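Engineer: Take this sequence and fold it.
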Amino acid sequence: MTPAVKASGGNITLKTTFQDPGKDLLKAAETGSVDGVMKVLGQNVSVNHKDPTTGETSLHLAVRFNHVAVVDLLLSKGADPYAEDVNGSAPRDISFKASNLDPRIPELFQSYASASSFFSAIERDDYQEVRRLLSMNVKPTFKQNGFNALHIAAARGSR
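Structural biologist: Residues are numbered from 1 along each chain as shown. Below is the predicted model of the structure:
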């Protein structure tokens, strides 16, 4: 424990400088700070910002450090589950291969993939696929870019 952390009673508070919002986003994801991620994303930084050395995104780090709430937040903000680091590893793949992760993490990837398919089916007016996905318990209240399935269907004039 560093002297600064010891002096604060062991509490760690993420301090964002916004001088390098990409670096701040990576740090917030690594430490599991949902508030930090939200603050940094409000500074117009890409949710898919990559570490220039490792190629890791904030989603890679949130998965690796087992931060379920941050993984959920990043996926809801459009983080790319297939973004590869310099070793060719993608966050989604890591979540299904790692044995020490919270089981909710791979479930989140599966849920968001299904939700993405759900929105795609709505946009194509593919009612059979929408029904199939609903039968798989895809939540129609899931939001993509701030809109849920009902918003998109209403905007498209779907029945």
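Engineer: Checking my notes, Leu134 in a helix, right?
Structural biologist: Yes: under DSSP: H, G, I helix; E, B strand; the rest coil, Leu134 sits within a helix.
Engineer: any idea how far Leu108 is from it?
Structural biologist: Leu134 is 19 Å from Leu108, where distance means C-beta to C-beta, to the nearest Å. Every residue, glycine included, has its C-beta placed from N, CA and C.
Engineer: Of the two, which one has the most company?
Structural biologist: For Leu134 versus Leu108, the count of surrounding residues by other C-beta atoms under 10 Å is larger for Leu108: 21 against 14.
Engineer: Would you confirm that the more buried one contacts Leu74?
Structural biologist: No: contact criterion C-beta atoms under 8 Å: Leu108 and Leu74 do not qualify, at 9.7 Å.
Engineer: Counting by contacts, list what the longest helix seen in the chain packs against.
Structural biologist: What stands out as the longest helix in the chain, according to DSSP state H, is helix 104-123. Helices and strands touching helix 104-123, as assessed by 3 or more C-beta pairs under 8 Å, 6 or more residues apart in numbering; DSSP states H and E, comprise helix 68-76, helix 91-97, helix 127-135, helix 149-156.
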